[in-house]
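[1] Need coordinates for the following:
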Amino acid sequence: MSMQRMNPAVDTYLAQGCMRCPRGGTADCKVHDWQEELTKLRTILLDCGLTEELKWSQPCYTHQHRNIVIMSAFKNYCAISFVKGSLLKDTHGVLVKPGEHTQVGRQIRFTQLQDVVDMEPILKAYIEEAIEIEQSGVKPTVHKDRPESVPEEFHQKLQERPDLKAAFDALTPGRQRAYIFYFSAPKQSKTRAARIEKCMQKILDGKGLYD
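    Alright, predicted model coming up:
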């Protein structure tokens, strides 16, 4: 497969960060901690023939307009996330679930550039398999063990705080679902409200429940 065109929006992401929290555009942005690793991952992803886009404020790599992989920076690692990772064979045992309640997505995490370099052949094999899965039309099994709607306490808070709503809307769908599941679990309203208050700052900072 040939190298695809680099998207200027991803150049901006690497230079400034995702801009979802106040650290965006500053030296404290976590994207700056993983510049070498993210740049090498970007090269590998493009070399696999994927189209580079920016979705949910993060680099997203697609094939025929379908999401395949998302590239992200976290505090303690950077990662690529396979949108339908649960369907991959994971021959090398390198995939991890990003969160306790994640059903479909899977990550490969990196803490140093050499890890990315050493794993390049494995990454390309996994990416090719992910493309084949997407082309096949196979759908992952999703268990209905999570709430379908936002709990009333959180809905009210979103109405009261436009800044909170904007921050929550900017999160990836997986992070949104994790919060909704966490907020909805308690039977008592006061416990649900307490969980929401505890997590508000994380949402405003652009973080997921497990970040």
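
[2] and Phe110, how many neighbours does it have?
    Other residues near Phe110 number 21, with proximity taken as other Cβ atoms under 10 Å. For every residue, glycine as well, the C-beta is placed using N, CA and C.

[3] for it, what are its contacts?
    Phe110 makes contact with 34, 37, 41, 77-79, 116, 119, according to Cβ atoms under 8 Å, 6 or more residues apart in numbering.

[4] Identify the bridge partners of Val96.
    Beta-bridge partners for Val96, by DSSP bridges, are Gln107.

[5] can you pull the contacts of it?
    For Val96, the contact set (Cβ under 8 Å, 6+ apart) comprises 106-109.

[6] what's the average pLDDT for the longest strand along the chain?
    Looking across the chain with DSSP state E, the single longest strand is strand 66-73. Taken as a whole, strand 66-73 has an average pLDDT of 94.

[7] just checking, what packs against it?
    helix 35-47, strand 58-63, strand 78-82, helix 113-136 (3 or more Cβ pairs under 8 Å, 6 or more residues apart in numbering; DSSP states H and E).

[8] hmm, who's touching it?
    With Cβ under 8 Å, 6+ apart as the test, strand 66-73 has contacts from 17-18, 30-31, 33-34, 38, 41-42, 45, 50, 55-56, 58-62, 78-83, 127, 130-131, 134, 172.

[9] Now it - C-alpha only, CSV.
    Extracted C-alpha coordinates of strand 66-73, given in CSV (Å, rounded to 0.1, in the frame of the first residue of the first chain):
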residue,chain,number,x,y,z
ARG,A,66,-15.3,4.0,7.5
ASN,A,67,-13.5,4.6,10.7
ILE,A,68,-10.6,2.1,11.3
VAL,A,69,-8.2,3.5,13.8
ILE,A,70,-8.0,6.6,16.1
MET,A,71,-4.7,7.9,17.4
SER,A,72,-4.6,9.5,20.8
ALA,A,73,-2.3,10.9,23.5
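
[10] Any buried residues in it, and which?
    Residues 67-73 are the ones in strand 66-73 that count as buried (16 or more other Cβ atoms under 10 Å).

[11] before we move on, the earlier item: between the contacts of Phe110, which is closest to Pro151?
    For Pro151, the nearest member of the contacts of Phe110 is Ala79. The distance, counting by Cβ to Cβ, is 29.1 Å.

[12] okay, now Gln112: neighbour count?
    As a burial measure, Gln112 scores 13 neighbours (other Cβ under 10 Å).

[13] Tell me who's in contact with it.
    Taking Cβ under 8 Å, 6+ apart, we find Gln112 in contact with Glu37.

[14] Check Thr62 too.
    Shown in contact with Thr62 (Cβ under 8 Å, 6+ apart): 50-51, 53, 68.

[15] Who wins on neighbours among those?
    Greatest neighbour count in these, by other Cβ under 10 Å, goes to Ile68: 23 neighbours.
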